[in-house]
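Asker: let's see this in three dimensions:
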Amino acid sequence: MEEKTIIILGAGFSGVFTAMHLSRKLSGDTQVNIKLVNKDPFFTYKTRLHEVIGGRIRPEEAVHDLKTLFKSYKNVEIIVDEMKRIDEREQYVMTESQKIPYEYLVLAMGGEPNDFGIEGVSEYGFTMWSWKEAVRIRKHILTMVEQAAKETDPKKRQAMLHFVICGGGLTGIEIMGELVEWKPQLEKNFGLEENEISLSLVEASPTILPALPAKESQRVEAYFAENQVNLMTEASVSKVTFDSVEIKGQEPLQTYSLIWTAGVKANSDVEDLEVEFGKAGRITTSGTMSAQNMKKIYVVGDLVHYEDASGTALPQNAQTAEQTAKTAAENIAAELRPEFKSTLHENKQKGTIVSVGAQFGVGYLMNLVHIKGPIAVTMKHLVNLMTWGQMKSMSNLTKYLKQELTASKQNRYLS
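Answerer: Here you go, the predicted model:
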């Protein structure tokens with residue numbers, strides 16, 4: 001039998017899970033090579049980046065060495081390289097350093113921030129889609145607070161201590177939750193007055209957390225009100241400058257710090273492919289997770305545009321990443337080995353939990369149960385522990401437990 005190569009581009013949740021599922025399915029098959037290509041040598045646990053921003057964990061605690069993570073997966077080769085071009089006709093991937101032919105290709109590069117063409121967002125705003133961006137935001141916050149403590153101009157000082165988040169979805173809410181808890185410590189450590197740091201969250205829709213029931217939105221809104229967060233709904237950003245955020249029909253917000261979480265689109269690396277595209281540049285797939293009319297190319301995670309029988313598109317979250325990875329892996333394995341059967345994707349969302357800092361959270365589980373407070377926080381930890389369990393990484397599971405047990409609301413990192 002001729003050797004066959006499966007290339008997986010991207011080592012986020014969907015890429016890592018695809019590689020692991022394929023490795024287990026094709027264990028012992030020496031004729032199949034699985035190559036996981038990623039520009040960084042690490043896997044980023046993206047759903048913990050808000051903790052990095054707010055000083056709850058150290059930056060290095062949100063990234064995990066890929067070769068260590070895949071140490072027990074002997075049939076997976078980690079290639080640290082940057083993809084430059086895909087030739088779907090000749091079936092090869094060109095990276096910075098090599099040309100890699102493939103039998104099957106899995107696109108797992110995820111998404112990227114969408115600024116909707118609003119003037120100044122890309123120039124003056126801070127997007128939050130990678131570990132490096134999270135570290136950059138954290139450093140910026142600390143720099144602003146340190147410089148403001150020495151600033152004598154009241155207006156400039158006030159703007160320096162005003163932190164604005166645009167986007168009331170899960171990411172924006174979780175970052176704001178961290179800032180709410182970090183704020184008193186920053187004020188104390190840098191000699192500021194109580195509540196001198198101000199926080200604003202701007203959302204264009206009538207409500208925050210549109211993916212959850214109104215009950216969860218209301219609970220978070222009440223929590224923010226208790227903690228002096230300026231929540232602005234039905235507020236559309238029209239322009240961003242060096243020291244302000246302009247909002248249609250309202251007075252501009254004076255700030256040097258805009259964190260942009262208002263939109264996500266498909267990774268631009270796929271835009272030149274001869275595939276069918278759906279909403280926000282995502283790739284339309286069949287129920288097997290193969291790109292529409294492209295049997296050798298599979299799509300997983302945030303790149304997928306797939307609608308179930310009811311016409312509901314898959315949400316962009318970690319559950320979808322894992323589930324689409326499993327579907328793609330099962331169907332690739334079925335193509336390679338006759339003992340495996342092809343399968344169609346089933347969207348099995350178990351619910352959503354939002355951590356609003358280390359001590360508060362909300363959630364809606366199984367389309368039935370509303371949870372909040374310590375119960376939601378505990379459930380979020382259990383979900384993360386289960387993820388490490390699915391990856392069969394006991395070392396990272398243990399590290400996670402240690403990190404979260406030592407993390408606290410009061411004593412966050414200041415470096």
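
Asker: so what's the residue count around V299?
Answerer: Neighbours of V299 under the rule other CB atoms under 10 Å: 30. Heads up, the C-betas are built off the backbone N, CA and C, glycines and all.

Asker: over to T343?
Answerer: With other CB under 10 Å as criterion, T343 counts 15.

Asker: ok, now V356?
Answerer: By other CB under 10 Å, 26 other residues sit near V356.

Asker: likewise the one 5 residues further on?
Answerer: Residues lying near G361 (other CB under 10 Å) number 28.

Asker: which ones are touching the closest residue to it other than its chain neighbours?
Answerer: Nearest residue to G361 in three dimensions, chain neighbours excluded: A376, at 3.4 Å (CB to CB, 6 or more residues apart in numbering). By CB atoms under 8 Å, 6 or more residues apart in numbering, A376 lies in contact with 353-355, 360-363.

Asker: okay, buried residues for whatever helix or strand A376 lives in please.
Answerer: Secondary structure from DSSP states H and E places A376 in helix 373-390. Along helix 373-390, these residues count as buried under the neighbour rule (16 or more other CB atoms under 10 Å): 376-377, 379-381, 383-385, 387-388.

Asker: over to stretch 193-212?
Answerer: Neighbour-count burial for stretch 193-212 flags 196-204, 208-209, 212 (criterion: 16+ other CB under 10 Å).

Asker: likewise stretch 79-96?
Answerer: Within stretch 79-96, the residues scored as buried using 16+ other CB under 10 Å are 79-81, 83, 86, 88, 91-93, 95.

Asker: let's see which of the residues you listed end up in helices.
Answerer: Under the assignment DSSP state H, these contribute nothing to helices.

Asker: chain neighbours aside, what residue packs nearest to E307?
Answerer: A313 (5.1 Å).

Asker: poorly predicted segments of the chain, please.
Answerer: 1, 407-410 (pLDDT under 70).

Asker: repeat that with 80
Answerer: Within the chain, the set of residues satisfying pLDDT under 80 comprises 1, 405-410, 415.

Asker: just the buried residues of stretch 233-244, please?
Answerer: Buried, per 16+ other CB under 10 Å, within stretch 233-244: 235-237, 240-241, 243-244.

Asker: got a list of contacts for it?
Answerer: Applying CB under 8 Å, 6+ apart, the contact partners of stretch 233-244 are 118-121, 123-125, 159, 166, 168, 202-208, 245-248, 250, 252-256, 258, 262.

Asker: those residues, buried ones only, as a PyMOL selection?
Answerer: Per 16+ other CB under 10 Å, the buried members of the contacts of stretch 233-244 correspond to this PyMOL selection:
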select buried, resi 118+120+121+124+125+159+166+168+202+203+204+208+245+246+247+253+254+255+256+258+262
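
Asker: in strands, which of the contacts of stretch 233-244 appear?
Answerer: 166, 202, 245-247, 253-254, 258 (DSSP state E).

Asker: run through the helices of the stretch 151-300 of the chain in chain order.
Answerer: Ranges of helices within the stretch 151-300 of the chain are 154-160, 170-189, 214-226, based on DSSP state H, counting those that start in this stretch.

Asker: from those helices, which stretch is densest packed?
Answerer: Mean neighbour count (mean count of other CB atoms under 10 Å) peaks for helix 170-189 among those, with a mean of 22.

Asker: tell me which element A134 is part of?
Answerer: helix 131-148.

Asker: before we move on, what about K392?
Answerer: Judged by DSSP H and E, K392 forms part of no helix or strand.

Asker: and it, how far is that from C166?
Answerer: According to CB to CB, to the nearest Å, K392 and C166 sit 38 Å apart.

Asker: next: A329.
Answerer: For A329, the distance to C166 equals 37 Å [CB to CB].

Asker: do H21 as well
Answerer: Separation of H21 from C166 (CB to CB): 36 Å.

Asker: hey, where'd the strands end up in the stretch 301-415 of the chain?
Answerer: With strands called from DSSP state E, counting those that start in this stretch, the stretch 301-415 of the chain shows them at 304-305, 351-355, 361-365, 369-372.

Asker: of the ones you listed, flag the one that's most buried.
Answerer: Of the strands of the stretch 301-415 of the chain, the one with the most neighbours on average (mean count of other CB under 10 Å) is strand 304-305, at a mean of 24.

Asker: just checking: what are the partner strands of that one?
Answerer: strand 283-284 (parallel) (DSSP bridges).

Asker: quick one: residues in contact with the partner strand.
Answerer: 107, 266, 270, 273, 275-278, 291-292, 299, 303-306.

Asker: okay, and the beta partners of V237?
Answerer: Applying DSSP bridges, one finds that V237 bridges with I247.

Asker: any idea how far E335 is from Y102?
Answerer: Where E335 is concerned, Y102 sits at a distance of 13 Å (CB to CB).

Asker: compare these two (neighbour count), which wins?
Answerer: The residue with more neighbours, out of Y102 and E335 and counting by other CB under 10 Å, is Y102; that gives 22 against 18.

Asker: which residues touch that one?
Answerer: 5-7, 91-93, 296.

Asker: can you do 7 Å?
Answerer: Residues in contact with Y102, defined by CB atoms under 7 Å, 6 or more residues apart in numbering, are 5-7, 91-93.

Asker: can you redo those residues as TSV with distance to L186?
Answerer: Shown next, in TSV, are the contacts of Y102 (distance: CB to CB, whole Å):
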residue	distance to L186
T5	50
I6	47
I7	45
Q91	53
Y92	51
V93	45
